[in-house]
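Engineer: I'd like to go over a predicted model; first the sequence, then the structure.
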Amino acid sequence: MSRTDDQRLRDIVESIAAIDRADALLRAHPGGLDIEWVALDAIHYRVFTIGEAVKGLSSDLRDSHSEVPWSDIARMRDLIGHHYYKLDPQIVRATIGEPIAHLRTACEEILARRSESDDETDRLLRDPVDAGRLLASIERLKAYREPKPERSE
């Protein structure tokens with residue numbers, strides 16, 4: 001079963017939280033070579049996961065939020081997946097600063113807007129008066145669009 005856009009957006013937010021934890025570990029233990037490699041591996045995995053989630057988002061969602069650099073994020077995943085030997089830890093660390101914070105904010109805002117939209121639809125369908133009006137409106141639209149029968153004289 002394929003994951004929904006909302007699930008993928010939550011995967012991205014969750015991976016960013018894991019990156020933040022690994023980055024905090026790096027900052028807490030500067031110069032700790034073993035910790036640095038473990039934390040960087042965790043960051044690489046989570047950046048890869050984010051890129052994979054982005055690639056799975058619907059084109060409708062990506063197109064409607066073109067302010068997010070979706071293709072750049074997917075390319076970073078490709079770099080980690082296919083050109084791992086070219087990875088520079090400094091480039092990866094630069095990626096996890098401000099750019100990833102902006103991505104988290106964007107994903108959280110998209111999720112909030114989508115949730116508000118779903119809540120409004122649920123409210124309309126739960127309220128019998130509003131649901132009745134909604135269904136009556138739909139029926140009127142259907143009737144309006146149906147071809148009128150020809151009159152026989």
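Structural biologist: Received it, and whenever you're ready, just let me know what you need.
Engineer: Tell me which residues of the helix or strand Val92 falls within come out buried.
Structural biologist: Using DSSP states H and E, Val92 sits in helix 89-95. Across helix 89-95, burial judged by 16 or more other CB atoms under 10 Å covers 92, 95. Any C-beta I mention is one placed from the backbone N, CA and C, and that applies to glycine too.
Engineer: Contacts made by it with the rest, please.
Structural biologist: Helix 89-95 has contacts (CB atoms under 8 Å, 6 or more residues apart in numbering) with 23, 26, 36, 40, 43-44, 47, 76.
Engineer: Please apply the same query to stretch 104-119.
Structural biologist: 5-6, 9-10, 12-13, 16, 61, 65, 67-68.
Engineer: Buried by neighbour count, from these: which ones?
Structural biologist: 5, 9-10, 12-13, 16, 61, 68.
Engineer: Helices - which of the residues you listed land there?
Structural biologist: Assigned to helices by DSSP state H, the following of the buried ones among the contacts of stretch 104-119 qualify: 5, 9-10, 12-13, 16, 61.
Engineer: biggest separation within these, which pair?
Structural biologist: The two members of these with the most space between them (CB to CB) are Ile16 and Leu61, at 17.5 Å.
Engineer: Run through the helices of this structure in chain order.
Structural biologist: Along the chain, the stretches classed as helices by DSSP H are 5-28, 33-56, 59-64, 70-82, 89-95, 98-126, 128-145.
Engineer: Please tabulate those helices in TSV, including the columns mean pLDDT.
Structural biologist: Converted to TSV, these look like this (pLDDT from 0 to 100):
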stretch	mean pLDDT
helix 5-28	94
helix 33-56	91
helix 59-64	96
helix 70-82	90
helix 89-95	78
helix 98-126	82
helix 128-145	68
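Engineer: Kindly reformat the buried ones among the contacts of stretch 104-119 as CSV containing distance to Ala94.
Structural biologist: Putting these into CSV (distance: CB to CB, whole Å) gives the following:
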residue, distance to Ala94
Asp5, 28
Leu9, 24
Arg10, 25
Ile12, 19
Val13, 21
Ile16, 15
Leu61, 27
Val68, 18
